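S.K.: Give the three-dimensional model of this entry:
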Amino acid sequence: MVRGGFWGALQRRQASAYRYQQTWKQIPAKALRAGAHTVLLRRTKQAPGLSTWLASLIARKRKQVATVALANKMARMVWAVLFKGEAYRPLLVPQLDAA
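M.R.: Purely as a prediction, here's the structure:
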């Protein structure tokens, strides 16, 4: 219930600030999903390890689910690089022993 006067204005202002804050939280997620979608479209031109991982993922899941999974993987890599101070390590192709 929205009241008039001071309290009503305060409630409206807080609701507006909350919506603005939530919008800014969604921007990085949308950017990661857009980037993941682009990587998925050009998966044959990616590094061998990533290309192999994407091919196996698409074989099991729908493309939309694979896009979100890749965006999640990218977000975890960004977090590790920025907050843990780790160097970026590209995904490598698993080596299978011939013996």
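
S.K.: Next up, identify which helix or strand L32 is on.
M.R.: According to DSSP states H and E, L32 maps onto helix 5-41.

S.K.: Past that helix, which element shows up next along the chain?
M.R.: Next element after helix 5-41 (DSSP H and E): helix 48-60.

S.K.: Could you list every helix and strand that that following helix packs against?
M.R.: For helix 48-60, the packing partners by 3 or more Cβ pairs under 8 Å, 6 or more residues apart in numbering; DSSP states H and E come out as helix 5-41, helix 63-83. In short, each C-beta sits where N, CA and C put it, glycine included.

S.K.: quick one: low-confidence ranges for this structure?
M.R.: 1-10, 13, 16-27, 91-99 (pLDDT under 70).

S.K.: buried sites along stretch 45-54?
M.R.: Q46, L50, S51, T52, W53, L54 (16 or more other Cβ atoms under 10 Å).

S.K.: Please disregard the earlier target; I meant stretch 28-42.
M.R.: L32, R33, A36, H37, V39, L40.

S.K.: so A29 makes contact with A71?
M.R.: Yes: with contacts counted by Cβ atoms under 8 Å, A29 reaches A71, the gap being 7.5 Å.

S.K.: okay, now A75: neighbour count?
M.R.: Per other Cβ atoms under 10 Å, the neighbour tally for A75 reads 15.

S.K.: Now do the same contact list for it.
M.R.: By Cβ atoms under 8 Å, 6 or more residues apart in numbering, A75 lies in contact with P28, A29, L32.

S.K.: just curious, which of these is nearest to K63?
M.R.: K63 has its nearest neighbour among these in L32, at 16.0 Å by Cβ to Cβ.

S.K.: how far away is the closest one from A15?
M.R.: Counting by Cβ to Cβ, to the nearest Å, the gap from L32 to A15 is 27 Å.

S.K.: Likewise for L57?
M.R.: Counting by Cβ to Cβ, the gap from L57 to A15 is 40 Å.

S.K.: who has more neighbours, those two?
M.R.: Taking other Cβ under 10 Å, L57 and A15 do not tie; L57 has more neighbours (18 against 11).
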